[in-house]
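**Q** predicted model follows, preceded by the sequence.
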Amino acid sequence: MSPPTGRWMAALGAAVSICSSSLAGQSRELSLRVTRAVAVLDSAHTERGIDSLRALLAQWPPEGAIELRVRANVHLGAASLSLGLRDSALTRFSEAVGLDPFATPDPEVFSPDVVAAFREARGSTPSVGVRVAADTVINPVGEAYLVAVAVGLPGDVIVRLASTDGTAPAPGPFQLRVDSVSSLVLPLRAPDSLPLGSGDYRVTAGMPGTAAKTATALLRITPQPVDSAPHDPPPDLAQFRPETRPGALATGSAIGGLLVGLAAVALPSLVSNSDVSGGGMDLRAISIGSSIVIAGIAGVFVGRRPVPVAENIEYNRLLRTSWEERVRRTAAENAHRRRWAPLRIQLLPE
Amino acid sequence: MRRRVWGTPALLLLSAVPVDGRAQSSALTMAGVACRARDAVVFLGSKEATAGWCAGALGALKLGPLVLEGSWFRANRMEPTGGAALEREAGEVRGLLGVSPSRWISIEAGFAVRAFNSDAGFQQWQIPSGGVKLAIPLGDPTFTAYVRAHYLPPMSQEVSAGQLSGDARWDFGLITETGLQIAPRKGPLLLGFSYRLERYDFPGDPLGRLEQFDVLSVFGGFRLAK
């Protein structure tokens, strides 16, 4: 009895669909609740807003959006600071930095005190994060890939790029000193200077010796198609010159045929005893001898050897080699174009 | 005893032949043969002659300068063509070893066994020989004409009593052979023809016995060369 595959697949599809719509709904709900709480804070009901945000963060689902959680922490920290709860505010700011080292309060929205307190919390939170363009195309010959690195606690960051299956060679690692946010120009070339091959790669940024969690970004690199140059057609046959000319007649063949033919007739006559053979002409010997003479005459023409014409042979050789050279050059150019094709780099969801 | 001794100087002669590098090729030849054989004897003033169609095969193996040839034929019926000859059967097996110091020339030693059978009895000839073969390409390797001449050292032949040949030992013997081989450059085809004449003079007082044997052959087969 075979399993009802169709029904199972349909059920699985329905479950995935329900899950994704459920996650989207949850995200909308969280966003709404954060916005409402921030609105309560803005309407001078600070304590109520703080309570709402605390309750919200306390029950924050693991799959909830990081950006919303960071936003909620920043607003909660700012509100706490406004009530003089500095330690609580620093804790919230620290949590926001831990979640996203790129996070920073907008100076046009928050007061300089909040910005200063956030900076203080940031400087003491070991955290590291990377950001890359979501989808871009770069030319590996003259361009490089830009990776933004942010840290909480200033320090040395080690950035690595490696293929996810560990087989393709990749550049690096790179070390850079980061105080808050910095950018790294990542050459998309392997150690042998060739462009990276297609495949999935992972960018990792870590701060060895600290409690900062290693940040990662998953990339897919795909060479873009390029136009290749067409090959030259081979030289037309009419361009080639004849490499031989008819040689002299093989007159030696006629002489050889004549000599052997005569021998074929004469030898039996000389060797045979006339008492036995009767002394007449040996027709067998004559027929053999005349056949050999005829073959010798045929050999005069059949054995005519063509004579090579060195000048024409050299001319044809140059014609061929120059065409082969052009084909080789085009092939090399096409290989170069394919090798250095622009690379499309897409950020994949982790 | 004598037939053992004669081959020794021939082998010494073969081993002393200088070898030309151009002759260092290999070839295998196999062919079928159709032939017309004649045998004529004059003894005590009377002549007997027989002739008949024959068929056989030949093969040759060339390994560098060495050439090994073999041939065989059989004539089921050799009919009288003169005198009081009896109808007879004939057959022959021939082997030949040669050394080619150049592509033109081979120095050869051979041995043949030929037998006749008639109402008068059975006789077998054992025929050693040594000589030279000249092969001349006629303008192109496709056509090769050749001439062969062999000396036949004296050899006793033991035959049935009552036959015309009797017990005999020739004191002079020669073989000449001429022929043409046609081997097109493309493909292994081999065609050709040849004519061989053998003369045997037996001593006698006052009249000896004279015997001649000749074969006109046409052959076709293949030749694989490297």
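**A** Right, received. Where do you want to start?
**Q** distance between stretch A:300-312 and the chain's centre?
**A** Computed by CA atoms, centre = their mean, to the nearest Å, the separation of stretch A:300-312 from the middle of its chain amounts to 56 Å.
**Q** C-terminal to the helix or strand of chain A with the lowest mean pLDDT, what's the next element?
**A** In chain A, the helix or strand scored least confidently by mean pLDDT, DSSP states H and E is helix A:5-42, which has a mean of 67. Downstream of helix A:5-42, the first helix or strand assigned by DSSP states H and E is helix A:46-58.
**Q** average model confidence for that following helix?
**A** For helix A:46-58, the mean pLDDT works out to 85.
**Q** give the buried residues for it.
**A** By 16 or more other CB atoms under 10 Å in any protein chain shown, the buried positions in helix A:46-58 come out as A:49-50, A:52-54, A:56-57. For every residue, glycine as well, the C-beta is placed using N, CA and C.
**Q** please enumerate the helices of the stretch 151-300 of chain A.
**A** Using DSSP state H, counting those that start in this stretch, the helices assigned to the stretch 151-300 of chain A run over residues A:251-271, A:274-277, A:283-302.
**Q** in TSV: these, plus distance to chain B.
**A** What follows is these, written out as TSV (distance: least, CB to the nearest CB, whole Å):
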stretch	distance to chain B
helix A:251-271	3
helix A:274-277	5
helix A:283-302	3
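**Q** need these in TSV (columns: distance to B:Leu66).
**A** Putting these into TSV (distance: least, CB to CB, whole Å) gives the following:
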stretch	distance to B:Leu66
helix A:251-271	24
helix A:274-277	36
helix A:283-302	27
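**Q** quick one, which of the ones you listed gets closest to B:Gly52.
**A** For the helices of the stretch 151-300 of chain A, proximity to B:Gly52 was assessed by CB to CB; helix A:283-302 is nearest, at 14.6 Å.
**Q** following element in sequence after that closest one, please.
**A** On the C-terminal side of helix A:283-302, the closest following helix or strand by DSSP H and E is strand A:307-308.
**Q** for the record, mean pLDDT for the next helix-or-strand element following that next one?
**A** Remark: after strand A:307-308, the chain's next helix or strand is helix A:310-339, criterion DSSP H and E. Per-residue pLDDT values across helix A:310-339 average out to 92.
**Q** list the buried ones in helix A:310-339?
**A** Neighbour-count burial for helix A:310-339, counted by 16+ other CB under 10 Å, picks out A:316, A:319, A:323, A:334.
**Q** now those in JSON lines, with distance to chain B?
**A** Output for these, formatted as JSON lines (distance: CB to the nearest CB, whole Å):
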{"residue": "A:Asn316", "distance to chain B": "24"}
{"residue": "A:Leu319", "distance to chain B": "29"}
{"residue": "A:Trp323", "distance to chain B": "31"}
{"residue": "A:Asn334", "distance to chain B": "41"}
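**Q** closest one to A:Pro306 out of those residues, please.
**A** Nearest member of those to A:Pro306, counting by CB to CB, is A:Asn316, at 14.8 Å.
**Q** spatially nearest residue to the closest one (excluding sequence neighbours)?
**A** Of all residues not flanking A:Asn316 in the chain, A:Phe240 sits nearest, at 5.1 Å (CB to CB, 6 or more residues apart in numbering or on different chains).
**Q** isn't the one you found up against A:Leu318?
**A** No. Judged on CB atoms under 8 Å, A:Phe240 makes no contact with A:Leu318 at a distance of 11.0 Å.
**Q** return the residues in contact with residue 38.
**A** Chain wasn't specified; assuming chain A. A:49, A:53, A:71, A:75 (CB atoms under 8 Å, 6 or more residues apart in numbering or on different chains).
**Q** nope, chain B
**A** Per CB under 8 Å, 6+ apart, neighbours of B:Arg38: B:49-51, B:81, B:212-215.
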